[in-house]
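Pasting a predicted model and its sequence here:
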Amino acid sequence: MRTVHTAAAAGFLSVLALAPSAQEVPATKELSDEQVWKVLRESLPFDIGGGFLLWRYHPFLDNVDDKTEIYYANLVIDGHYDDFGIHFEPRFRDTKLRAFFESNFWVQELYMSWKPWDDSEGVLKVGKVYSQFGRFWDGVFYGNIPYFDGLKLDPDLGLSWESKLHLGDSTTVDYSAQFFDQDGETNGSLQDRDTLSIGRERDVWVGRVAPTFAVSDTTSVTVGTSAMHGEADLATTNSNFTRVNGEAAVTAGAVTVFGDFTHQNGNHVVDFPVVGSSSGDIDYLMSGASYTAGDWTLRANYSFGDYNDDDVKEELWMPGVVWQFHPHLSLWLEYVYWTRDDVGDSEIIDRSLNIVLYGTF
């Protein structure tokens, strides 16, 4: 790790070397701290930002302790050079995020991009890119069942074409086509619940089409469909899996309601949901509703994983509230109630209050 830290420090010093000298920076006596930071950022040959998540976990379970940790800190660096671009997001924390991570420092995304047409929103990305399968996320901190099984917030290595069509004044269509040679090894799935903790995913194809219809100035409806097919290289055998997805969302002023349903054929893990069996017939749901009033956002989210071959079902209920008390700081409270039903035998996986301080710059 000494080499990594030294390289990071050297890279940061080289960035400072690119900044203008004190004589070149405009006088800052009359500027606020935020304005000074803006002047310095605009002097760099790329955009830079970042943030942190400070997490307090309070469980309502026997023999489970409270904990407080820096969930992660990150940098987001974007360079734009004519039709080309570079996007880089490193993340770091005190300990490994998951046991199968190689380090407590990892690359979340790193890709080069190209916009071949000036009058189009289409962009080709090459590198480590998020999969565009279904609705991207449900807006929470804690997570959901599809996320813990590796279906959401999943960056992989390959090619991604992403674009948007404008059809008239009231309809837009988001669409993407992706091919990933192999998985990116760093999603948030739990141990043994996704291929990357026990093997490798390869040759994954993903396609998505999602039109949005503007019903009025404040109301819109989005419907979409996605498909994914890939190969799971497991310890003892290989397995092909196919996923199909349907998504829908309605936004009316300050209210948003959405649902994201996925059906999977073929197993991508072994020994889950029960040891000695691998479910290849799975249904997933990620859903929620939110209401925003001023600095406050109220949310209610629900997700499930239904492993039909083994008659196992997991459900995760999560009400929450977000207080945006500063443009760069917000406080999140989420109550988690996560259960598992195994052939009529129910157990609580987690019941907790999660408090998060989220800061950005």
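That came through, no problem.

element containing residue 263, please.
When elements are assigned from DSSP states H and E, residue 263 belongs to strand 255-265.

partner strands of that strand, parallel or antiparallel?
Partners of strand 255-265 in the sheet, by DSSP bridges, are strand 238-252 (antiparallel), strand 281-293 (antiparallel).

Any idea which of those gets closest to residue 188?
strand 281-293 (13.7 Å; C-beta to C-beta). No exception for glycine: its C-beta is placed from N, CA and C like everyone else's.

got a list of contacts for that closest one?
With contact meaning C-beta atoms under 8 Å, 6 or more residues apart in numbering, strand 281-293 is reached by 134-135, 138-140, 144-147, 149, 151-152, 254-265, 297-309.

Provide a ChimeraX selection command restricted to the buried entries of those residues.
With 16 or more other C-beta atoms under 10 Å as the burial test, the buried ones among the contacts of strand 281-293 are selected in ChimeraX as follows:
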select :134,135,138,140,144,145,146,147,149,151,152,256,258,259,260,261,262,264,297,299,301,302,303,304,305,306,307
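
residue boundaries of the helices in the stretch 151-300 of the chain?
With helices called from DSSP state H, counting those that start in this stretch, the stretch 151-300 of the chain shows none.

Run the chain-centre distance for the strand holding residue 263.
Here strand 255-265 is found 15 Å from its chain centre; the criterion is C-alpha atoms, centre = their mean, to the nearest Å.

do the same with stretch 127-142
Here the centre of stretch 127-142 is set off from its chain's centre by 4 Å, with C-alpha atoms, centre = their mean.

again, but for stretch 47-63
Computed by C-alpha atoms, centre = their mean, the separation of stretch 47-63 from the middle of its chain amounts to 15 Å.

If we go by neighbour counts, what in it is buried?
Neighbour counts over stretch 47-63 (16+ other C-beta under 10 Å) mark 53, 55, 57, 59 as buried.

Quick check: of those, which lies closest to residue 129?
Nearest to residue 129 among the buried residues of stretch 47-63 is residue 53, at 22.2 Å by C-beta to C-beta.

Quick one: end-to-end length of stretch 147-160, please.
The first residue of stretch 147-160 is 20 Å away from its last residue (C-alpha to C-alpha, to the nearest Å).

how about it: buried residues?
Across stretch 147-160, burial judged by 16+ other C-beta under 10 Å covers 147-158, 160.

Surely residue 200 and residue 181 touch.
No. Using C-beta atoms under 8 Å, residue 200 makes no contact with residue 181, being 10.2 Å away.

tell me which helix or strand of this structure sits lowest on mean pLDDT?
Least confident helix or strand of the chain, by mean pLDDT, DSSP states H and E, is helix 2-18 with a mean of 37.

Where do the domain boundaries of the chain fall?
For the chain, the structural domains run 1-45, 46-360, going by automatic domain parsing.

burial measure for residue 34, as a count.
Residue 34 has 11 neighbours, counted by other C-beta atoms under 10 Å.

How is it assigned, secondary-structure-wise?
Under the three-state scheme (DSSP: H, G, I helix; E, B strand; the rest coil), residue 34 adopts helix.

Let me see the backbone angles for the residue nearest the centre of the chain.
In the chain, the residue lying closest to the centroid (C-alpha atoms, centre = their mean) is residue 153, at 3.1 Å. Main-chain torsions, residue 153, degrees, to the nearest 10: phi 50, psi 50.

Look up how far residue 47 lies from the residue nearest to residue 118 when sequence neighbours are not counted.
With C-beta to C-beta, 6 or more residues apart in numbering as the criterion, residue 118 has its nearest non-adjacent residue at 7.8 Å, and that residue is residue 83. Remark: distance between residue 83 and residue 47 (C-beta to C-beta, to the nearest Å) = 17 Å.

Could you list the low-confidence segments of the stretch 251-361 of the chain?
For the stretch 251-361 of the chain, applying pLDDT under 70 flags no range at all.

which residues of it fall in strands?
For the stretch 251-361 of the chain, applying DSSP state E, counting those that start in this stretch gives strands covering 255-265, 273-274, 277-278, 281-293, 296-307, 312-326, 329-342, 345-360.

could I get these as JSON lines with distance to residue 97?
Listed next are the strands of the stretch 251-361 of the chain as JSON lines, based on distance: least, C-beta to C-beta, whole Å:
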{"stretch": "strand 255-265", "distance to residue 97": "24"}
{"stretch": "strand 273-274", "distance to residue 97": "22"}
{"stretch": "strand 277-278", "distance to residue 97": "25"}
{"stretch": "strand 281-293", "distance to residue 97": "21"}
{"stretch": "strand 296-307", "distance to residue 97": "20"}
{"stretch": "strand 312-326", "distance to residue 97": "19"}
{"stretch": "strand 329-342", "distance to residue 97": "18"}
{"stretch": "strand 345-360", "distance to residue 97": "15"}
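
which one of the ones you listed lies closest to residue 71?
Comparison of those against residue 71 by C-beta to C-beta identifies strand 345-360 as nearest, at 7.4 Å.

Quick one: distance of the closest one to the chain centre.
With C-alpha atoms, centre = their mean, you get 17 Å for strand 345-360.

cool, stretch 320-332 as well?
So, by C-alpha atoms, centre = their mean, the centroid of stretch 320-332 is 19 Å from its chain's centroid.

Could I get the contacting residues of the residue nearest to residue 329 when sequence neighbours are not counted?
In space, residue 329 comes closest to residue 359 once its chain neighbours are excluded; the distance is 5.1 Å by C-beta to C-beta, 6+ apart. Applying C-beta under 8 Å, 6+ apart, we find residue 359 in contact with 51, 52, 54, 328, 329.
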